[in-house]
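In: give me a 3D structure for the following:
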Amino acid sequence: MNTTFSRTLLATSTLFISATSMAAGFQVNEHSATGLGRAFAGEAVIADNASVLSRNAAAMMMFDKDAISAGMTVVKPDVSVKNGTYYRPNGTINVSVDFSQNVTFDSASGGYDSVNLADVDGIAPTAVVPNFYYIHPINEKFAVGVAAYSNFGTGTEFESDYAAPIFGGTTKVQSMNLGLSLAYRVNEHLSFGGGIDVIYGMGDLYRDIDGDVTINVDGPGPIDTSKNFSGKTTAVDIQATGVGLGANIGMVYEVNEGNRFGLSYKYSPEIEAEGDVSFMKQSYDAVYLPLPDIAEFSGFHMITDKTAIHYSIQWVGWSAFDTIETESATVKEYNWKDSYHYSIGATHYLNSKWILRTGYMYDQTPVDELTSISIPDSDRQWFSAGFTYNWSSNTAIDFGFTYLIGEDVEVHEFIEESLPAPAVTATTHANAVLAAIQLSHSF
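Out: Have a look, this model is predicted:
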């Protein structure tokens, strides 16, 4: 097969997988049980245990003893796809290629069959998100810390006989963030901190295409040709891993013992994931996944001798997640938008043994116009509660619980906007229950 036609065929076949790679925000907020119990309100400044290291390195200067925290969060999603119709492609698709190898589809070409899809749920499996943190104060001016947690991850898996396989299939993304941080206290009010983050990512993506299509390519010179696709065949099969280097900076301003503010910023890299990367039998060395930067502002205020209120505003730069690419082709344009979440919570220090907390978060979706059934996403509300039991003066056990409520989303997902098929319409909805446990110790 000549190389120009190969690239044209790749551009065409890429359309069959492009809308299904990562069509949802995939940030992981679940960094601690204490944070989960207050909907992560005030998370960049509360510093009630070493897990604050996941949000703001400067807060390490609020510790006068070594501190360690370890825990896990169990996430049980409830994702449904209902009232779906799949537009299965058939007939002929005419493609024009100019001298610059720009590809144009004839919107009048291409036919389809309408297939009513069975309602599905349970497509997102239960996940466990672990974490570990250690803070070591060197002296009154410096502290260091190490952290292991996840900032990004998602996953759905449709049955192999799902009638719209190009929009279903398997999507899994997992990551682990390993961080080393340093903090410095300027004076009794102001501290700064920062560090480096090594982000290890793993991805597993599989899609089939089902249809009876002839693609006619009209172009200059030798690339006039055609290609037939019939029945079900593999459209994309990717299993890849990669490592990127990120960074973080932060500051804490302590007005007094009961009032303080925190501000932090995380730089996230583009991950080059290498492994088995196949699009319609075309092999590539790697895919490139851009990750968003994250900024957070938090406040904490003791309003009585036993009760505090706290809050956070977090910005996530999802507009950086504009495309997924191989080394020579754009796999998908996403055109996501930056998003925010707003959270407010309260903590009540009941007695020397028990601490109670609660919180609420409104979490905006980054998905703009390009919706998807593979990772349904919407604005979400978090309703959270939790408690700490102080086993001793140095050891505490934390529990957190959240019920996350999403919204119905009317999805119209397509491969190429100018073509009627393949495409799918459906109503998606995603809720989740999250529960976490954590052990913290100072020494």
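In: list the contacts for residue 180?
Out: By C-beta atoms under 8 Å, 6 or more residues apart in numbering, the contact set of residue 180 is 144-146, 195-196. In short, each C-beta sits where N, CA and C put it, glycine included.
In: in what element of secondary structure is it found?
Out: Assessed by DSSP states H and E, residue 180 sits inside strand 170-185.
In: go through that strand and flag the buried ones.
Out: Buried residues in strand 170-185, counted by 16 or more other C-beta atoms under 10 Å: 170-177, 179, 181-185.
In: including pLDDT and distance to residue 205, could these go into a markdown table?
Out: Shown next, in a markdown table, are the buried residues of strand 170-185 (pLDDT from 0 to 100; distance: C-beta to C-beta, whole Å):
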| residue | pLDDT | distance to residue 205 |
| --- | --- | --- |
| 170 | 88 | 7 |
| 171 | 83 | 6 |
| 172 | 84 | 8 |
| 173 | 80 | 9 |
| 174 | 83 | 12 |
| 175 | 86 | 15 |
| 176 | 88 | 19 |
| 177 | 91 | 21 |
| 179 | 94 | 27 |
| 181 | 98 | 33 |
| 182 | 98 | 37 |
| 183 | 98 | 39 |
| 184 | 98 | 43 |
| 185 | 98 | 46 |
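In: run a quick neighbour tally on residue 168.
Out: 27 (other C-beta atoms under 10 Å).
In: so is it in a helix, a strand, or just coil?
Out: Three-state assignment for residue 168 (DSSP: H, G, I helix; E, B strand; the rest coil): coil.
In: residues touching it, list them.
Out: Residues near residue 168 by C-beta under 8 Å, 6+ apart: 20, 123, 158-159, 162, 207, 373-374.
In: what's the most distant pair in those?
Out: Greatest spatial distance among the contacts of residue 168 (C-beta to C-beta): 20 and 159, at 15.4 Å.
In: thinking again about what came up before, name the nearest of the buried residues of strand 170-185 relative to residue 319.
Out: Comparing the buried residues of strand 170-185 against residue 319 with C-beta to C-beta places residue 173 closest, at 18.8 Å.
In: make sure that closest one is actually in contact with residue 156.
Out: No. With contact defined as C-beta atoms under 8 Å, residue 173 does not count as touching residue 156 (10.3 Å).
In: hmm, residue 288 is touching residue 328, no?
Out: No. Applying C-beta under 8 Å, one finds residue 288 not in contact with residue 328, separated by 11.1 Å.
In: more crowded one of the two?
Out: Using other C-beta under 10 Å, the more surrounded residue of residue 288 and residue 328 is residue 288, with 15 against 10.
In: quick one: the helices in this structure?
Out: In the chain, the helices defined using DSSP state H lie at 3-15, 33-37.
In: between these, which has the poorest average model confidence?
Out: Sorting these by mean pLDDT places helix 3-15 lowest, at a mean of 35.
In: output the below-cut-off pLDDT ranges for the stretch 251-400 of the chain.
Out: For the stretch 251-400 of the chain, applying pLDDT under 70 flags the ranges 280, 329-332.
In: show me where it has strands.
Out: 259-267, 270-279, 282-290, 294-302, 307-316, 323-326, 330-333, 339-349, 354-363, 380-390, 395-405 (DSSP state E, counting those that start in this stretch).
In: any chance of CSV for these, columns distance to residue 423?
Out: What follows is the strands of the stretch 251-400 of the chain, written out as CSV (distance: least, C-beta to C-beta, whole Å):
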stretch, distance to residue 423
strand 259-267, 37
strand 270-279, 19
strand 282-290, 23
strand 294-302, 34
strand 307-316, 29
strand 323-326, 20
strand 330-333, 15
strand 339-349, 26
strand 354-363, 29
strand 380-390, 26
strand 395-405, 29
